[in-house]
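# Build me a model from this:
(2 chains)
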Amino acid sequence: EDQVTQSPEALRLQEGESSSLNCSYTVSGLRGLFWYRQDPGKGPEFLFTLYSAGEEKEKERLKATLTKKESFLHITAPKPEDSATYLCAVQATFSGSARQLTFGSGTQLTVLP
Amino acid sequence: DSGVTQTPKHLITATGQRVTLRCSPRSGDLSVYWYQQSLDQGLQFLIQYYNGEERAKGNILERFSAQQFPDLHSELNLSSLELGDSALYFCASSAGHRTVGDEQYFGPGTRLTVT
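Have a look, this model is predicted:
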């Protein structure tokens, strides 16, 4: 069974204080690892997809990296508007067009001004 | 705006009742996914349809069913509702046929409250 564990559950940062969120996963075969941002009461917003170990992707203050067992979401000089829950999900290598995601429980990030 | 639309935004109903949630995917996407998000369970995959056919099933209760219509919109039917069914229900869509770049884009969700 595919499993995704995110840590920490919650993180409070001062504006400008860089940090990293962790996503550990076990999956029979990894098709892709996805990062989403979710604001309260809203749908998850797609951020990144990573496909193979060593891959990195960046978007503004966010940078996602992938190893064979975990992924990190690095947040550089965060701003209050980066406050949200960050979700990690894996998509296993299925045959055909089955594409479901298995999500972690998320890291709730609060950035204080 | 992801391009995925869901109706209604909010739904309040009583135990034992039946409701239908509706989802329209992004233009060009063939796959539709339904997820349930509750406080204690997080985001859980329910079911996937691809071009009208069921492709994958998760922890979906027998009281729940879904279908995807020829115009690719999808409906999730929840029957014999229980208090524990109260949750946010999200629809997502993706192209559905790519090996890479098949990201899922989520709608705004339907908040279901069962009283």
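
# Residue ranges in chain B under the pLDDT threshold?
By pLDDT under 70, the low-scoring segments of chain B are B:99, B:101.

# List, one by one, the residues from it near chain A.
Residues of chain B found near chain A (Cβ under 8 Å from any Cβ of the partner chain) are B:2, B:4, B:31, B:33, B:35, B:42-45, B:48, B:50, B:55-56, B:58, B:88, B:90, B:92, B:94, B:96-97, B:99-109, B:111. Using the backbone N, CA and C atoms, a C-beta is placed for each residue, glycine as well.

# most centrally placed residue in chain B?
The centre of chain B sits closest to residue B:34, judged by Cα atoms, centre = their mean, with a distance of 2.9 Å.

# mind listing what the nearest residue to residue B:115 once chain neighbours are set aside touches?
Spatial nearest neighbour of residue B:115, chain neighbours left out: residue B:14 (5.7 Å); criterion: Cβ to Cβ, 6 or more residues apart in numbering or on different chains. The neighbours of residue B:14, taking Cβ atoms under 8 Å, 6 or more residues apart in numbering or on different chains as the test, are B:81, B:114, B:115.

# If any of the residues you listed are buried, put those into a PyMOL selection.
Of the contacts of residue B:14, the buried ones go into a single PyMOL selection, burial set by 16 or more other Cβ atoms under 10 Å in any protein chain shown:
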select buried, chain B and resi 81+114
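
# Same list (the contacts of residue B:14) but as TSV, adding secondary structure and distance to residue A:14.
TSV is the format used below for the contacts of residue B:14 (DSSP: H, G, I helix; E, B strand; the rest coil; distance: Cβ to Cβ, whole Å):
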residue	secondary structure	distance to residue A:14
B:81	coil	44
B:114	strand	41
B:115	coil	42
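
# out of the contacts of residue B:14, which one sits closest to chain A?
residue B:114 (17.9 Å; Cβ to the nearest Cβ).

# Test my guess that that closest one contacts residue B:80.
No: using Cβ atoms under 8 Å, residue B:114 and residue B:80 do not qualify as a contacting pair, with a distance of 10.5 Å.

# SS state for residue A:81?
The three-state label given to residue A:81 by DSSP: H, G, I helix; E, B strand; the rest coil is helix.

# count of neighbours near the nearest residue to residue A:15 once chain neighbours are set aside?
Using Cβ to Cβ, 6+ apart and skipping the chain neighbours, the partner closest in space to residue A:15 is residue A:113 (5.3 Å). Residue A:113: 7 surrounding residues under other Cβ atoms under 10 Å in any protein chain shown.

# roughly how far apart are residue A:113 and residue A:78?
11 Å (Cβ to Cβ, to the nearest Å).

# With residue B:22 instead?
Distance of residue B:22 to residue A:78, computed by Cβ to Cβ: 37 Å.

# got it, and residue B:2?
Relative to residue A:78, and taking Cβ to Cβ, residue B:2 is found at 24 Å.

# Looking at the two, which is more packed in?
Taking neighbours as other Cβ under 10 Å, residue B:2 and residue A:78 compare with residue A:78 leading, 22 against 17.

# where does that one land on pLDDT?
Note on residue A:78: pLDDT of 97.

# is it true that it touches residue A:110?
No: using Cβ under 8 Å, residue A:78 is not in contact with residue A:110, being 9.7 Å away.

# Mutual contacts of the two, please.
Contacts common to residue A:78 and residue A:110, judged by Cβ under 8 Å, 6+ apart, are residue A:13.

# residues from chain A in reach of chain B?
Within reach of chain B by Cβ under 8 Å from any Cβ, chain A has these residues: A:31-32, A:34, A:36, A:41-46, A:49, A:51, A:87, A:89, A:94, A:96-106.
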